[in-house]
Structures are given as structure tokens and as C-alpha cells.
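[1] After the sequence you'll find the predicted model.
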Amino acid sequence: MIQFRRKTLREVNHLLADSITQGSAAGGRSGEIFDPNAGEVQAKVAFGDAALLAKAVEAAKAAQPEWAATNPQRRARVFFKFKELVEANIDELARLLSSEHGKVVADSRGDVQRGLDVIEFCCGIPHVLKGEYTQGAGPGIDVYSMRQPLGIGAGITPFNFPAMIPMWMFGPAIACGNAFILKPSERDPSVPVRLAELMREAGLPEGILQVVHGDKEMVDAILDHEDIGAVSFVGSSDIAHYVYKRGVAAGKRVQAMGGAKNHGIVMPDADMDQVVNDLSGAAFGSAGERCMALPVVVPVGEDTAERLREKLLPAIAALRVGVSSDDDAHYGPVVNAAHRTRVENWIQTGVDEGAELVVDGRGFELQGHEKGFFIGPSLFDHVTTDMQSYKEEIFGPVLQIVRAKSFEEALRLPSEHQYGNGVAIFTRNGHAAREFAHRVNVGMVGINVPIPVPVAYHSFGGWKRSAFGDTNQHGIEGVKFWTKVKTITARWPDGTADADDKDAFVIPTMG
Ligand code: NAD
């Protein structure tokens with residue numbers, strides 16, 4: 001069971017190389033961490049500043065060369081051990097995660113597991129880092145290339161996946177030989193700190209993974225620090241764009257993933273029971289606070305729309321909203337009161353814009369938890385593309401039906417939307433699915449798969465305003481992001497060269 005109310009206010013502090021600093025106790029700025037189930041502040045997080053970051057960077061600089069020189073098999077062993085430790089502690093981690101985020105515990109376990117999948121990939125890093133070799137690229141010449149770490153990398157992560165996304169970043173970065181500084185979301189920072197502690201317990205040397213807390217001030221300090229070579233960011237699009245521009249201007253490598261508005265296309269031949277089941281989970285699971293949620297459904301043809309709506313209504317009525325520890329709950333509260341207000345304001349905007357609010361989740365109160373940040377499920381029909389509530393990300397338990405007349409119109413909707421993270425098509429027609437997958441202007445596509453988050457050994461990344469930069473998270477893409485390529489062209493002459501060789505003055509060719 002989750003301990004929802006704590007007697008004393010806990011303090012979540014930075015995890016630096018030499019100690020856990022008592023930031024807020026020392027009088028610095030701090031942030032409030034809510035218990036979304038109870039609607040109360042349950043802990044405080046100490047915010048750091050540029051001076052604290054400088055300390056972390058110094059520790060990282062001191063430790064990184066030796067870590068990079070540690071052979072990849074030994075580096076991999078830390079990940080094997082870490083995997084064991086996370087598995088042994090997964091219940092504790094999931095409960096801690098739920099108590100700050102609000103998602104149900106089973107979903108939090110999934111959050112940890114999807115991060116752990118990338119850690120498993122990191123266990124194979126010796127194979128991945130083997131490099132390339134060409135024997136005899138020219139007369140007596142061999143060429144080989146190797147991937148070397150960048151030095152110090154940083155990650156700035158969102159509140160909605162406080163286990164998975166930090167692991168997506170620090171796993172590959174550290175496996176490749178970098179030191180890593182993590183700045184998790186200030187709304188639910190405890191699980192990232194716990195993961196860093198487990199990495200230390202797994203044998204990671206001091207200084208290779210450190211956690212600093214804060215808000216914009218800390219993010220700016222990271223972006224401006226000249227010794228940080230690469231920054232990976234995941235969060236909302238405006239901030240992603242800002243991070244991308246400022247980081248690149250400072251000469252860093254930056255990948256910055258942003259918001260989303262994923263569409264689910266329902267073709268007339270789709271299995272409607274499966275669609276409704278998949279949609280319920282993908283639209284309302286985690287209270288819609290997923291960048292791969294499906295908040296827009298596009299039935300093709302009026303008949304499909306009517307059949308879908310008829311089946312959706314009882315499915316939505318059957319949804320159980322509950323506290324995170326309720327095993328029967330489909331989803332829990334949203335992360336804080338400000339976010340609940342934001343989602344409810346978007347529902348009002350939808351009404352004002354003329355969409356039909358079929359189910360209204362506003363004003364939902366859970367008995368015994370009246371102060372919790374709960375929102376009931378909402379359903380809009382007859383949403384149109386000119387509406388602001390369609391164009392923007394709501395990030396709550398709100399499903400919007402946009403009716404399309406044809407396959408071509410349905411294909412155009414996600415393709416022309418400002419976001420391009422994920423999309424799904426539900427159909428039994430292989431040709432339609434193939435056409436859709438090839439032509440849609442979106443980064444990740446599901447065919448009868450509502451949440452197409454790719455497995456760890458592929459890579460994750462959206463298009464358009466869902467991602468700035470050109471390298472995805474994890475898989476080989478992640479390895480590319482966290483390393484630079486060095487290419488060596490080698491010749492071992494036999495000592496018989498002509499001292500007066502005029503060819504030396506001509507650009508060398510292998511011809
Ligand atoms: P957010 O943008 O508010 O915060 C993300 C990070 O940026 C946090 O660490 C935060 O401290 C920092 N930050 C906040 N304001 C800042 C500012 N003004 N300047 C610099 N840094 C700042 O995002 P969130 O609310 O934590 O997460 C939800 C968002 O993340 C949604 O838009 C969601 O779609 C997106 N997301 C995207 C992906 C993806 O892979 N594309 C994955 C998960 C979440």
C-alpha cells in the first residue's frame with residue numbers, strides 16, 4: 001500500500017559525487033512535490049543553481065576519463081547488476097513513482113520496465129561499439145573508425161515518465177563512456193534519485209551519474225556550461241525548441257523531444273471491439289499524460305463514426321478513476337492542481353468552439369479523496385481542424401472524435417498537424433495499412449497497435465514540432481547521439497619509398 005500522507009515533509013536532495021547536498025535546508029530555492037491522490041504537498045525538492053552545477057561538472061570531469069578507459073565489457077557489467085537491482089526493487093520504485101506522479105501502480109511498473117528495456121540494450125554495448133574496418137582501402141592502407149564518448153552529457157526530463165525517460169538517456173550515455181548529469185522534473189524527482197543510487201550500488205564510479213534539481217535556472221545553467229557536450233531534452237514543445245536553440249547556440253549537440261497530438265485512424269473494416277478497448281487505454285490510461293497517448297480518433301465514414309461512438313459510450317462509462325494504489329482503477333489523478341485546471345480549461349475551449357461535449361469529466365470528485373487532482377473522462381464529437389482545442393496538446397483524459405469522409409482525408413489530418421509523434425491505424429486491410437504507414441508524415445506508426453513506442457533496440461522519436469534535432473532516443477540512434485566518430489587511415493610503409501615522390505603533392509586518392 002502507498003503511504004499517501006507522511007508525518008514530516010521529506011526533502012529530496014541532489015545526488016552529487018561527494019555527497020547528497022542539503023540544498024533547501026541550506027536556505028536555497030525549493031519546489032513542492034504533491035501527493036496527487038491527496039491533493040497535498042508531501043515533500044520539497046531542493047533547487048540547485050549554476051554553482052551547484054559547476055560542482056557536478058567538476059566531479060564528472062574528474063571521473064569520466066577513467067570510466068571511458070574502462071573496457072566496455074566491464075562497463076556493461078554495471079548495467080547487468082543495475083538491472084538486477086531495479087528488478088529486485090521494482091515494487092518500491094513503482095509505488096514511489098505513483099505517489100508523486102499519480103499514475104496507477106501497474107502503470108508505474110510499466111514505466112520502470114520500459115526504461116529497463118534500454119538498460120538491457122546497454123548490457124550489449126561491447127558489441128555495439130565495435131566500430132568499422134576496411135582492410136586494404138588503398139595500397140597498403142587500412143581504414144577503421146571508432147565511436148568515442150563526448151565527455152559529459154546532460155538530460156532534462158519531463159514529469160510523465162520519471163523512470164523510463166531518465167533511463168533512456170543515462171543508460172546509453174554512460175554505457176558509451178560518458179559522465180551524465182540528470183535534471184529530472186521537479187514535480188516527481190524521487191525515482192530518478194533512487195535510480196542514480198541504484199547505479200552507484202551496481203558499481204558505477206562516483207561522478208559518472210549525478211542528479212541536480214531545479215527549474216529554468218538549472219536548465220539554463222546546463223545549456224550554458226561549456227564543458228557539457230550534449231544535452232538530451234524531453235518535455236513540451238515550446239521549451240524543447242528553446243532548449244534546442246540555446247544549446248546549439250552554445251555549440252552543443254542537442255536532441256529535444258516535444259509535445260504530441262496523436263491520431264488513431266479507424267477504417268470501416270476495423271474490429272470495433274478491439275479499437276474501443278485499445279482506444280480506452282490509449283486515450284485515458286495515465287490520465288492521458290503520455291506523449292504517445294491517442295487523444296484524437298478519426299473514424300472514416302459516417303457509419304464508422306456512429307458505430308464507434310455507440311461502443312465508446314459504455315466503455316467510457318465503465319472507466320474507473322481511483323487512487324494510484326487501487327488495483328481496479330484504470331487511471332489515477334493528474335499530476336497537480338494547475339494541470340487539472342489547464343485540462344478543464346481546454347474542455348471549456350472545446351465547448352466554446354462548438355465541438356459536441358458528449359461526456360464531461362469536469363468537476364469529478366473521488367469519495368474520500370475530495371482534494372485529489374482527479375478528472376473524469378471526457379469525450380468530444382464533431383471536433384474540426386480549425387479548433388484550437390484540436391491543434392494543441394491537452395495532455396489529459398480527453399478524447400476527441402474528428403470525423404473524416406475518406407482514407408485520404410484521414411491520412412491528411414495527422415500529416416498536416418503541427419505535431420508528429422505517433423499515429424495509429426486500425427484496419428484489416430493490409431494495403432490500406434501499408435499505404436498509410438508509408439505516406440503519413442509522423443515519426444512512429446502503429447498498425448492495430450495504439451501506442452507504438454518502439455522496442456529498445458529500435459529508436460524513439462517524433463517529427464515536426466514533436467522533436468528538434470535529428471537523432472532519436474535509444475537503440476543505435478542513442479549510441480550515435482552520445483558518441484563521436486573517429487576515423488583512422490593507416491599505412492605501414494616498408495621503407496622503400498622514393499624520396500622524390502611528386503605524388504605527395506597531389507590530394508591522395510585510392511584510385
Ligand atoms: P515541461 O516542458 O514542462 O518540462 C520538461 C522539463 O523542462 C522539466 O525538467 C522542467 O523542469 C523543464 N522546464 C520547465 N519549464 C522550463 C523553462 N521555462 N525553461 C527551461 N526548462 C524548463 O514538460 P512536462 O510537463 O514535464 O512534460 C509533459 C510534456 O512532455 C508534454 O508536452 C509531453 O507531450 C511531453 N513529452 C514528450 C515526449 C516525447 O518523447 N516526445 C515524451 C514524454 C513527454
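    Now that the structure is in, tell me what you want to look at. What you see is a predicted model; the values in this text were computed from it and never measured.
[2] mind listing what the closest residue to the ligand within the stretch 101-250 of the chain touches?
    Distances between the stretch 101-250 of the chain and the ligand by Cβ to the nearest ligand atom are smallest at Gly235, namely 2.6 Å. The way it works is simple: take the backbone N, C-alpha and C, and place the C-beta from them, glycine included. Gly235 is in contact with Ile156, Thr157, Pro158, Val243, Met257, Gly258, counting by Cβ atoms under 8 Å, 6 or more residues apart in numbering.
[3] now swap in Phe364 and tell me
    Val321, Phe374, Ile375, Gly376.
[4] interface residues of the stretch 201-350 of the chain facing the ligand?
    Asp215, Lys216, Val219, Val234, Gly235, Ser236, Ile239, Met257, Gly258, Gly259, Ala260, Cys291 (Cβ under 6 Å from any ligand atom).
[5] Turn the contacts of Gly235 into CSV, including secondary structure and neighbour count.
    Listed next are those as CSV, based on DSSP: H, G, I helix; E, B strand; the rest coil; neighbours: other Cβ atoms under 10 Å:
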residue, secondary structure, neighbour count
Ile156, strand, 26
Thr157, coil, 26
Pro158, coil, 22
Val243, helix, 27
Met257, strand, 28
Gly258, coil, 27
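[6] Widest-spaced pair of those residues?
    Largest separation among these by Cβ to Cβ: Thr157 and Gly258, giving 13.2 Å.
[7] From one end of stretch 424-431 to the other, what's the distance?
    15 Å (Cα to Cα, to the nearest Å).
[8] I'd like the distance from it to the chain centre, please.
    Here stretch 424-431 shows a centroid-to-chain-centroid distance of 27 Å under the convention Cα atoms, centre = their mean, to the nearest Å.
[9] Pull the residues that contact that stretch.
    262-267, 269-271, 274-275, 278, 282, 294, 432-433, 436-437, 445-452.
[10] Could I have the buried ones of the residues you listed as PyMOL selection syntax?
    Here is the PyMOL command that selects the buried residues among these (16 or more other Cβ atoms under 10 Å):
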select buried, resi 262+263+264+265+266+267+270+275+278+282+294+432+433+436+445+446+448+450+451+452
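[11] Inside helices: which ones of the contacts of stretch 424-431?
    Gln274, Val275, Asp278, Ala282, Ala432, Ala433, Phe436, Ala437 (DSSP state H).
[12] for the residues you listed, which one is nearest Ile119?
    Nearest to Ile119 out of the ones in helices among the contacts of stretch 424-431 is Ala282 (Cβ to Cβ; 25.3 Å).
[13] List the contacts of that closest one.
    Ala282 touches Gly264, Met292, Ala293, Leu294, Ala424, Pro450, Ile451, counting by Cβ under 8 Å, 6+ apart.
[14] All the helices of the stretch 51-200 of the chain, in order from the start?
    For the stretch 51-200 of the chain, the helices defined by DSSP state H, counting those that start in this stretch occupy 72-88, 90-101, 105-122, 125-128, 164-175, 190-201.
[15] can you redo those as CSV with mean pLDDT?
    What follows is those, written out as CSV (pLDDT from 0 to 100):
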stretch, mean pLDDT
helix 72-88, 98
helix 90-101, 98
helix 105-122, 98
helix 125-128, 98
helix 164-175, 98
helix 190-201, 98
